[in-house]
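Peer 1: Sequence first, then the predicted structure:
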Amino acid sequence: MSDLVQLRKIVMTFEEIYHEGGPPPGAPLVRAAIMAVARNPYAGRYVEDLLPLMEDLRPLGLDLARRLLDALGGVPKAIEGYGEGAVVGTGGELEHAALWHAPGGQALRQTLGGAKALVPSTKKVGVPGCRLDVPITHVETSYVRSHLDAMEVTVHDAPRHDEILFVLAMSTGGRIHARSGGLRASQIKGEDGSR
C-alpha cells in the first residue's frame, strides 16, 4: 500500500441464507462483505485536493474485490449482486468516505469481468462499532427488484476518529423469497447497465 493507505485490519462477514420463513431453495443464497480499516490521512484538517487518496485506494479496491470473490467460490459468473460503502471516523468528513466510490466500484466491476450496473453505495460519519447498511443490486442492472437488498456490516472497534472503514459486498442471488414482480434477472438485455 501507499503512504496514504495504511491498513490496520481486514474483516470479512459471510452469510448462507437457507430460507426466510418460506420453502428452502435448491441452494442457499450466499453473500459476503469485506471491510478494510485504514488510517484517514486527512483527519482533523481540511484538505482541498483529496484525489491522491482516491487514486491510492485503487490497489486496495482490487485486492479486496479479489479476496471477496475468492471467498464466494472464485467464479465471477456466480455473483449476481454487489454494493459498496464507507464509514469515516469523527475526525474526518463525509467527503473522505466518498473517495471510496470510484476505486471500490471499479474494482467490483473489473473483478467480475466488466459488470455494467452502477455499483450502489452508501457513506456516513460514524463511531467504532457503528453499523452500515450496504445496498446491493444486480450486477447488470439496478432495475431487477429481486436483487434490491442490503447487507448490514460492522467492525466492533472501527472506525476510530482518525480512520476510514471501506466496504465491498457481493451476493450470489436476489432475496431468498423474492416475489415483488418487476424485471427478472432472466429478462436483462445487458446493453448498458440500465435494462
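Peer 2: Right, received. Where do you want to start?
Peer 1: For the rest of this, base every contact and every neighbour count on C-alpha atoms.
Peer 2: OK.
Peer 1: okay, the residue located most distally from the centre of the chain: pLDDT?
Peer 2: Most distant residue from the mean C-alpha position of the chain: Pro23, 28.5 Å away (CA atoms, centre = their mean). Note for Pro23: predicted pLDDT of 89.
Peer 1: So it, which state does it fall into?
Peer 2: coil (DSSP: H, G, I helix; E, B strand; the rest coil).
Peer 1: go on, the one 10 residues further on?
Peer 2: The three-state assignment at Ala33 reads strand, by three-state DSSP.
Peer 1: Which residue is the nearest non-sequential neighbour of it?
Peer 2: Nearest non-adjacent residue to Ala33, counting by CA to CA, 6 or more residues apart in numbering: Ala169, 4.2 Å away.
Peer 1: got the buried residues for the helix ranked longest in the chain?
Peer 2: The longest helix of the chain (DSSP state H) is helix 58-71. Along helix 58-71, these residues count as buried under the neighbour rule (16 or more other CA atoms under 10 Å): 58-62, 64-66, 68-69, 71.
Peer 1: same check, this time on stretch 105-119
Peer 2: 105-109, 111-112, 115-119.
Peer 1: just to revisit the earlier point, so how far is the longest helix of the chain from its chain's centroid?
Peer 2: 11 Å (CA atoms, centre = their mean, to the nearest Å).
Peer 1: hang on, the earlier thing: in helices only, show me the buried residues of stretch 105-119.
Peer 2: Per DSSP H, the subset of the buried residues of stretch 105-119 in helices is 105-109, 111.
Peer 1: Stretch 129-147 spans what distance, first to last residue?
Peer 2: 27 Å (CA to CA, to the nearest Å).
Peer 1: roughly how far is it from the heart of the chain?
Peer 2: Here the centre of stretch 129-147 is set off from its chain's centre by 9 Å, with CA atoms, centre = their mean.
Peer 1: What are the buried residues along stretch 20-31?
Peer 2: Under 16+ other CA under 10 Å, the buried positions of stretch 20-31 are 29-31.
Peer 1: Strands along the protein, start to end?
Peer 2: Applying DSSP state E to the chain gives strands spanning 7-17, 29-39, 81-88, 121-125, 132-138, 149-153, 163-171.
Peer 1: Dump those to JSON lines, plus distance to Glu95 and mean pLDDT.
Peer 2: Formatted as JSON lines, these follow (distance: least, CA to CA, whole Å; pLDDT from 0 to 100):
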{"stretch": "strand 7-17", "distance to Glu95": "19", "mean pLDDT": "97"}
{"stretch": "strand 29-39", "distance to Glu95": "15", "mean pLDDT": "98"}
{"stretch": "strand 81-88", "distance to Glu95": "9", "mean pLDDT": "98"}
{"stretch": "strand 121-125", "distance to Glu95": "9", "mean pLDDT": "98"}
{"stretch": "strand 132-138", "distance to Glu95": "16", "mean pLDDT": "97"}
{"stretch": "strand 149-153", "distance to Glu95": "20", "mean pLDDT": "97"}
{"stretch": "strand 163-171", "distance to Glu95": "11", "mean pLDDT": "98"}
